[in-house]
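1. Coordinates for the following, if possible.
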Amino acid sequence: MPGGLKKYLEEIADKRVEELRYLIGKNSNRYEKLKVQAYELQQEFMATLTEEQQGMFVKLEDFESEQSGIVHDMLYRYAFRDGVKAVRMMFKCK
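-> Next up, the predicted model:
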């Protein structure tokens with residue numbers, strides 16, 4: 001795949017992932033409820049920690065969020081590629 005096309009498709013995938021994250025957060029009552037519950041629990045937990053422990057906890061959350069983001073981005077990319085492969089196979093069968 002030419003470099004320019006690959007970069008273009010990666011940019012489209014990145015944009016779509018962000019759109020999907022926004023839509024899921026906006027349109028899912030369950031997601032919103034879990035987000036609020038997680039925040040409340042986090043605040044309760046943070047109140048029991050020392051300042052140093054709070055900093056460590058925030059770093060841990062950052063690492064977990066980044067890992068989750070990487071996984072979700074890769075899942076979307078693989079699904080996108082699989083969709084392209086499926087369409088190609090359908091055209092070959094015609």
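
2. Off-centre distance for the one helix or strand L5 maps to?
-> Using DSSP states H and E, L5 maps to helix 3-27. Taking the mean of its C-alpha atoms, helix 3-27 sits 10 Å from the chain's own mean (Cα atoms, centre = their mean, to the nearest Å).

3. name the element V71 belongs to?
-> Taking DSSP H and E as the criterion, the element that holds V71 is helix 51-93.

4. who does that helix touch, helix- and strand-wise?
-> If contacts are counted by 3 or more Cβ pairs under 8 Å, 6 or more residues apart in numbering; DSSP states H and E, helix 51-93 sits against helix 3-27, helix 29-46. C-beta: built from backbone N, CA, C; applies to glycine.

5. nearest to R77, of these?
-> helix 3-27 (5.2 Å; Cβ to Cβ).

6. what does the average pLDDT come to for the closest one?
-> Per-residue pLDDT over helix 3-27 has a mean of 80.

7. could you give the angle of it to helix 29-46?
-> In this structure, helix 3-27 runs at an angle of 80 degrees to helix 29-46, with axes from the mean of the first three to the mean of the last three Cα atoms, to 10 degrees as the basis.

8. if we can go back for a sec, mind putting the helices and strands packed on helix 51-93 in CSV, mean neighbour count included?
-> What follows is the helices and strands packed on helix 51-93, written out as CSV (neighbours: other Cβ atoms under 10 Å):
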stretch, mean neighbour count
helix 3-27, 11
helix 29-46, 10
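
9. M74 is nearest to which of those helices?
-> helix 3-27 (9.8 Å).

10. circling back: put together TSV for the helices and strands packed on helix 51-93, with distance to L60 on each row.
-> Output for the helices and strands packed on helix 51-93, formatted as TSV (distance: least, Cβ to Cβ, whole Å):
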stretch	distance to L60
helix 3-27	21
helix 29-46	11
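
11. To G55, which of the ones you listed lies closest?
-> Go through these one by one with Cβ to Cβ and the one that ends up closest to G55 is helix 29-46, at 10.5 Å.

12. Excluding its own residues, what touches that closest one? List them.
-> Residues outside helix 29-46 that contact it (Cβ atoms under 8 Å, 6 or more residues apart in numbering): 24-25, 54, 57, 61.
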